[in-house]
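Student: Okay, here's the prediction I keep looking at, along with the sequence it came from:
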Amino acid sequence: MIAAAAIGGVTLIYASILDAKERRVPPHKTWRPALAIAIPAAVWVYGLAVLADWRTAAAYLIMVAIFCGFFTSSRR
């Protein structure tokens, strides 16, 4: 999990540098490689949560839904 967090941080730093230089961040160079790490890491974390206790997994999913709800409501 530390590797996934480190890769996410490196991706954000790289995107910030590109944004400052060019005011454009190409998705194929930045976000897709990060997703290649983030999606399996998320499946692993939620899978472990389900195996440990379904109530913990449900709490995680509720928190994710609330978090996503804040971001989708702010775009309107």
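Tutor: Received, thanks.

Student: Identify the residue spatially nearest to P26, adjacent ones excluded.
Tutor: Using C-beta to C-beta, 6 or more residues apart in numbering and skipping the chain neighbours, the partner closest in space to P26 is L18 (7.6 Å). C-beta here means a position set from N, CA and C on the backbone, and glycine is covered the same way.

Student: helix/strand/coil for the one you found?
Tutor: Three-state assignment for L18 (DSSP: H, G, I helix; E, B strand; the rest coil): helix.

Student: which residues touch it?
Tutor: By C-beta atoms under 8 Å, 6 or more residues apart in numbering, the residues touching L18 are 24-26, 29-30.

Student: and it, how far is that from A34?
Tutor: Distance of L18 to A34, computed by C-beta to C-beta, to the nearest Å: 13 Å.

Student: what packs against the host helix or strand of L35?
Tutor: Assigned by DSSP states H and E, L35 belongs to helix 31-52. Where contact means 3 or more C-beta pairs under 8 Å, 6 or more residues apart in numbering; DSSP states H and E, helix 31-52 is packed against helix 2-22, helix 54-74.

Student: Reformat those as CSV; add mean pLDDT and distance to A41.
Tutor: Shown next, in CSV, are the helices and strands packed on helix 31-52 (pLDDT from 0 to 100; distance: least, C-beta to C-beta, whole Å):
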stretch, mean pLDDT, distance to A41
helix 2-22, 82, 4
helix 54-74, 82, 13
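
Student: Looking at those helices, which one is packed in the most?
Tutor: When you average the neighbours per residue for each of these (mean count of other C-beta atoms under 10 Å), helix 2-22 leads with a mean of 12.

Student: ok, back up a step: now the helix holding L35: buried residues?
Tutor: When burial is assessed from 16 or more other C-beta atoms under 10 Å, helix 31-52 yields the following buried residues: 34, 37-38, 49.

Student: chain center to that helix: distance?
Tutor: Distance of helix 31-52 from the chain centroid (C-alpha atoms, centre = their mean, to the nearest Å) equals 9 Å.
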